[in-house]
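[1] sharing a model that was predicted from the sequence below.
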Amino acid sequence: MAEVYDNVVFAVLLCSYVIASEEEEGQQIELVQLRQRRVRRAALRRFWVRPWLTEERRQQFGHYSNLLDSHLRLEDPAAFQNYTRLTPELFDERWNVPHAVGALDGKHIAIKKPPKSGSVYFNYKGFFSIPLLALVDASYKFVWIELGGKGHMSDAQIFGDSELFNGLEENALGLPPPCPLTSNQDDLQDMPFFILGDDAFALRNYLMKPYSRRQMSREERIYNYRISMGRRVVENAIGILANRFRCLLRTLEQKIDTVRDIVEATVVLHNLLRLRNPGMIFQEVDHEDINHDIMPGA
């Protein structure tokens with residue numbers, strides 16, 4: 001009787017061992033297959049653009065190079081210039097601010113407090129954030145953004161540490177040379193091209209901002225009106241961006257690098273939508289009424 005019991009116990013243990021070995025082997029196979037799938041996915045995502053599409057082939061087979069640059073520029077220079085006209089011309093036409101090339105402003109993107117960060121990301125508004133500093137053209141498109149700052153930093157501090165500041169200081173951005181504001185023969189003073197900012201930035205040859213004092217003259221009030229109207233382009237663009245991508249209106253709980261990627265992606269999509277669908281709802285942007293008063297938009 002005891003011998004039969006021992007045989008039964010041995011058979012049960014042997015069966016359990018075989019089952020455990022098969023399960024362990026199955027888990028190892030699944031782990032290997034999972035690693036292979038990850039490697040295969042990484043290999044598939046290595047190139048967003050096929051490597052054979054080189055710059056030479058872009059220039060040779062691209063529609064822009066063939067149709068616009070090679071044909072339209074030679075056959076109809078006026079149409080080509082209208083298609084590729086510079087931003088200063090648009091600022092002069094739309095906002096009556098000649099020689100302006102862009103408007104600069106910032107927005108705090110609310111985030112969850114990063115671990116072990118202390119008060120580095122805590123801003124003066126009372127929440128944790130990553131500052132978005134943006135330069136916007138007259139068509140509400142983002143020309144340049146900076147997301148490398150931390151919440152406690154001011155717009156002027158982020159601008160002073162940026163490559164945009166260095167490029168403007170060294171005159172390395174390819175801005176047009178200074179020229180008179182108008183064709184009036186009585187006003188031949190050369191004026192540089194500039195960007196528009198608010199009181200957070202220092203006044204420079206390449207950055208204009210409104211007067212901040214009271215009891216201004218009529219000419220100074222007109223200047224403030226023009227500069228402020230042109231500068232509101234960046235406020236409208238940021239407002240349109242946040243209203244279009246509502247995640248920017250709430251607190252983002254992702255990691256810092258992920259938040260920066262999200263904001264950069266929204267800016268790229270915003271510019272793409274502005275290029276593909278330039279028409280937008282009239283109430284979303286600033287405009288003037290019949291009395292030339294500014295009606296605020298988004």
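    That came in fine, so what should we check first? Residues are numbered from 1 along each chain as shown.
[2] count of neighbours near the nearest residue to residue 256 once chain neighbours are set aside?
    Beyond its immediate neighbours in the sequence, the residue positioned closest to residue 256 (C-beta to C-beta, 6 or more residues apart in numbering) is residue 114, lying 5.8 Å away. To be clear about C-beta, it is placed using only N, CA and C from the backbone, and glycine gets the same treatment. Around residue 114 sit 15 other residues, with neighbours defined as other C-beta atoms under 10 Å.
[3] what segments of the stretch 51-200 of the chain are helices?
    Counting by DSSP state H, counting those that start in this stretch, the stretch 51-200 of the chain has these helices, from start to end: 55-61, 63, 73-75, 77-83, 87-95, 155-160, 163-169.
[4] where's the residue nearest to residue 256 relative to residue 232, distance?
    With distances defined as C-beta to C-beta, to the nearest Å, the gap from residue 114 to residue 232 amounts to 33 Å.
[5] same question, residue 272
    23 Å.
[6] tell me which of those two has more neighbours.
    The residue with the greater number of neighbours, taking residue 272 and residue 232 and applying other C-beta under 10 Å, is residue 232; the counts read 20 against 11.
[7] hang on, the more buried one is in a helix, isn't it?
    Yes. Note on residue 232: a helix contains this position according to DSSP: H, G, I helix; E, B strand; the rest coil.
[8] report pLDDT for it.
    In this prediction, residue 232 carries a pLDDT score of 89.
[9] and residue 110, by the same measure?
    On the pLDDT scale, residue 110 is placed at 94.
[10] and the nearest residue to it once chain neighbours are set aside, how close does it get to residue 181?
    By the measure of C-beta to C-beta, 6+ apart, the closest residue to residue 110 outside its immediate chain neighbours is residue 251, 4.4 Å from it. Using C-beta to C-beta, we find residue 251 at a distance of 45 Å from residue 181.
[11] give me the below-cutoff pLDDT ranges for the protein.
    Under the criterion pLDDT under 70, the flagged ranges of the chain are 1-15, 17-20, 37-55, 58-73, 77-89, 183, 185, 278-298.
[12] pop the domain breakdown of it in here.
    With automatic domain parsing serving as the domain definition, the record reports that the chain contains domains spanning 1-46, 89-295.
[13] now tabulate those in TSV and tack on distance to residue 75.
    Putting these into TSV (distance: least, C-beta to C-beta, whole Å) gives the following:
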stretch	distance to residue 75
domain 1-46	41
domain 89-295	22
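[14] just those domains: most buried one?
    domain 89-295 (a mean of 16; mean count of other C-beta atoms under 10 Å).
[15] ok so, going back, so the residue nearest to residue 256 makes contact with residue 129?
    No. Counting by C-beta atoms under 8 Å, residue 114 does not reach residue 129; the two are 11.1 Å apart.
[16] mutual contacts of the two, please.
    Among the neighbours of residue 114, those also in contact with residue 129 (C-beta atoms under 8 Å, 6 or more residues apart in numbering) are residue 121.
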